[in-house]
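Chemist: give me coordinates for this.
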Amino acid sequence: MACEFLSGDGVLLAVWGKPSRADVDRVIERLTSAAEQSGRPVVYITRIPVDAPTPDSNVRQYINAAMPKATSMCSTYHVVLEGTGFMAALKRGVLVSLFQIGNKRGMFFVHADADEVTRSIPTERQLTVRALLIRADARGLLRGRTPVSVAPRSKRRRGSPLDSGVRINQEEVSRIAGSNLR
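Modeler: I've put the predicted structure just below:
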């Protein structure tokens, strides 16, 4: 399995390794389920670790064909494409350009880390998204641990091995803990 999921009320996170057509189908199934359960379009967040391999051409074509169905269930679509330096920034820029062609403006966002996601969504959905990101961080989905199809990192990232980029404010955690989020 090259894709791991975590969902909350109207939000879905997918962490990718090397994607397969079956993984793309699973994303569509999860998006459909999340949209039906919440009764509204979903905030979709997909994390692509810095060392995730590029999908092969058949899978890329399959992803492109599945995009209209996927985006029909999304209020916003966030790609966390990790990495630092010029090449990572270039990849993010190219990805934003590709997503904007033929799609709704203001739907697609590409980020360097998960902490940037909440800055790009409507205020009324931020608390739910932050809650999901906190749960994802606690489960190791926003840092080092990646799906089994991705080779382990050969170099350590800057900072603590527990530093995912999601900043946890104790007051925010208390608010989230007091709410009835799944």
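
Chemist: quick check: longest helix of the protein.
Modeler: helix 21-38 (DSSP state H).

Chemist: helices or strands up against it?
Modeler: Packing contacts for helix 21-38, counted by 3 or more C-beta pairs under 8 Å, 6 or more residues apart in numbering; DSSP states H and E, involve strand 3-8, strand 11-16, strand 42-48, helix 57-71. For every residue, glycine as well, the C-beta is placed using N, CA and C.

Chemist: nearest to Ala131, out of these?
Modeler: When the helices and strands packed on helix 21-38 are ranked by proximity to Ala131, the top entry is strand 3-8, at 6.1 Å, counting by C-beta to C-beta.

Chemist: neighbouring strands for the closest one, and are they parallel or not?
Modeler: Strands that pair with strand 3-8, judged by DSSP bridges, come out as strand 11-16 (antiparallel).

Chemist: poorly predicted segments of this protein, please.
Modeler: Applying pLDDT under 70 to the chain picks out residues 1, 83-106, 144-182.

Chemist: so how far does stretch 9-19 reach from one end to the other?
Modeler: Separation of the first and last residues of stretch 9-19 by C-alpha to C-alpha, to the nearest Å is 25 Å.

Chemist: tell me the buried residues in it?
Modeler: 9-19 (16 or more other C-beta atoms under 10 Å).

Chemist: same check, this time on stretch 30-49
Modeler: For stretch 30-49, the neighbour count (16+ other C-beta under 10 Å) marks 30-31, 34-35, 38, 41-49 as buried.

Chemist: distance to Thr76 for these - can I get that in JSON lines?
Modeler: Output for these, formatted as JSON lines (distance: C-beta to C-beta, whole Å):
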{"residue": "Arg30", "distance to Thr76": "16"}
{"residue": "Leu31", "distance to Thr76": "12"}
{"residue": "Ala34", "distance to Thr76": "13"}
{"residue": "Ala35", "distance to Thr76": "13"}
{"residue": "Ser38", "distance to Thr76": "14"}
{"residue": "Pro41", "distance to Thr76": "8"}
{"residue": "Val42", "distance to Thr76": "9"}
{"residue": "Val43", "distance to Thr76": "5"}
{"residue": "Tyr44", "distance to Thr76": "7"}
{"residue": "Ile45", "distance to Thr76": "9"}
{"residue": "Thr46", "distance to Thr76": "12"}
{"residue": "Arg47", "distance to Thr76": "15"}
{"residue": "Ile48", "distance to Thr76": "17"}
{"residue": "Pro49", "distance to Thr76": "21"}
